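Participant: sequence-free structure coming up:
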């Protein structure tokens, strides 16, 4: 078993609808579940989790089957709605209620599908800079969908990314501070070393499409639970206009900007993001 950062807590496994999910669990108190994006895993949260758990929350950081997990999904449906259903199944399997969901990047798109399809176990949502509306994937990253349809494409991509000098091509637009080398390797090694994980990455990327986030957006008026939009003001992929649009469409949303950060605010500004999450969770705690 590959080791993630010790700050995430002990690793556990649970099977949800035939898919094995490895997750890290630390702290005690109201549950906070983290949803990373494609080509990332629980190590995205390695600096954020200690801040949240120390404040009296139980932090659960799974490796979702998005191309950086050690356990392949083995043929399970990885279309975005199916992954959102998997997240809902994870909450149900662990008996989690009144959950705070914290999402980033592609994980934000999946969380929009989650709270519009399965709102029952969710108490509140934190969306950092994320795919939404017609931006799934954003900008030039839309080419990932076409690239993923070419046989062998993910093998080529992961082989090229063996060389650290090329890592900025993968993560340079996502992190202003720079993703630490050990975290980059955690993100990249599973697909590089396991053909089944590469197939998961390819299947998810090939199926990503704006129709899913656009459909979720039509359901936003029905979701009245609190949402914090903790958006990176300098984001190079998800501009502030998207955050303002979400704030206008979600009935109970608040918008706070994070300075000096790109999409990966959990890496660029973990302390500031933690402050915003804890303030929000405290304001909207169960009475």
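Facilitator: That came through fine. Please read these numbers as outputs of a predicted model, since none were measured by experiment.
Participant: for residue 232, what are its contacts?
Facilitator: When contacts are counted by Cβ atoms under 8 Å, 6 or more residues apart in numbering, residue 232 touches 128, 129, 238, 257, 258, 261, 262, 263, 265, 268, 269. Any C-beta I mention is one placed from the backbone N, CA and C, and that applies to glycine too.
Participant: top of the residues you listed by neighbour count?
Facilitator: Scoring the contacts of residue 232 on neighbours with other Cβ atoms under 10 Å, the highest-scoring entry is residue 129 at 31 neighbours.
Participant: quick one: which helix or strand includes that residue?
Facilitator: Using DSSP states H and E, residue 129 falls within strand 122-130.
Participant: Quick check: mean pLDDT of that strand?
Facilitator: Mean pLDDT, computed over strand 122-130, is 98.
Participant: Direction included, what does that strand pair up with?
Facilitator: If you go by DSSP bridges, strand 122-130 pairs up with strand 99-105 (parallel), strand 227-232 (parallel).
Participant: how distant is that strand from the center of its chain?
Facilitator: 10 Å (Cα atoms, centre = their mean, to the nearest Å).
Participant: How about stretch 261-275?
Facilitator: Remark: stretch 261-275 is offset 13 Å from the chain centroid, using Cα atoms, centre = their mean.
Participant: So for it, mean pLDDT?
Facilitator: 98.
Participant: again, but for stretch 228-241
Facilitator: Across stretch 228-241, the average pLDDT comes to 96.
Participant: Span of it from start to end?
Facilitator: 16 Å (Cα to Cα, to the nearest Å).
Participant: For that stretch, buried residues please.
Facilitator: Going by neighbour count (16 or more other Cβ atoms under 10 Å), the buried part of stretch 228-241 is 228, 229, 230, 231, 232, 234, 235, 237, 238, 239.
Participant: Which parts of the stretch 1-150 of the chain are helices?
Facilitator: Along the stretch 1-150 of the chain, counting by DSSP state H, counting those that start in this stretch, helices occupy 48-54, 80-93, 106-117, 143-147.
Participant: Between the ones you listed, which one is closest to residue 276.
Facilitator: Minimum separation from residue 276 across the helices of the stretch 1-150 of the chain (Cβ to Cβ) falls at helix 48-54, 10.8 Å.
Participant: Make JSON lines out of the strands paired with strand 122-130 and add distance to residue 244.
Facilitator: Formatted as JSON lines, the strands paired with strand 122-130 follow (distance: least, Cβ to Cβ, whole Å):
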{"stretch": "strand 99-105", "distance to residue 244": "18"}
{"stretch": "strand 227-232", "distance to residue 244": "9"}
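Participant: most tightly surrounded among the helices of the stretch 1-150 of the chain?
Facilitator: Most buried of these by mean neighbour count (mean count of other Cβ atoms under 10 Å) is helix 106-117; its value is a mean of 26.
Participant: From the contact counts, what lies against it?
Facilitator: On a contact count with 3 or more Cβ pairs under 8 Å, 6 or more residues apart in numbering; DSSP states H and E, helix 106-117 meets strand 31-35, helix 80-93, strand 99-105, strand 122-130, helix 210-218.
Participant: centre of the chain versus it, how much separation?
Facilitator: Mean-position distance between helix 106-117 and its chain equals 9 Å (Cα atoms, centre = their mean).
Participant: do stretch 67-77 as well
Facilitator: Counting by Cα atoms, centre = their mean, stretch 67-77 is centred 15 Å from the centre of its parent chain.
Participant: same question, stretch 42-53
Facilitator: 13 Å.
Participant: next one: stretch 91-100
Facilitator: Computed by Cα atoms, centre = their mean, the chain-centroid distance of stretch 91-100 equals 17 Å.
Participant: And stretch 50-57, by the same measure?
Facilitator: How far stretch 50-57 lies from its chain's middle: 19 Å, per Cα atoms, centre = their mean.
Participant: Which residues does that stretch contact?
Facilitator: With Cβ under 8 Å, 6+ apart as the contact definition, stretch 50-57 has outside contacts at 7, 9, 26-32, 59, 100, 270-271, 274, 277-278, 281.
Participant: repeat that for 6 Å
Facilitator: Stretch 50-57 is contacted by residues 7, 26, 27, 29, 30, 32, 59, 274, 278 when judged by Cβ atoms under 6 Å, 6 or more residues apart in numbering.
Participant: Not counting residues beside it along the chain, what's closest to the second one?
Facilitator: Residue nearest to residue 26 in three dimensions, not counting chain neighbours: residue 9, with 2.6 Å by Cβ to Cβ, 6 or more residues apart in numbering.
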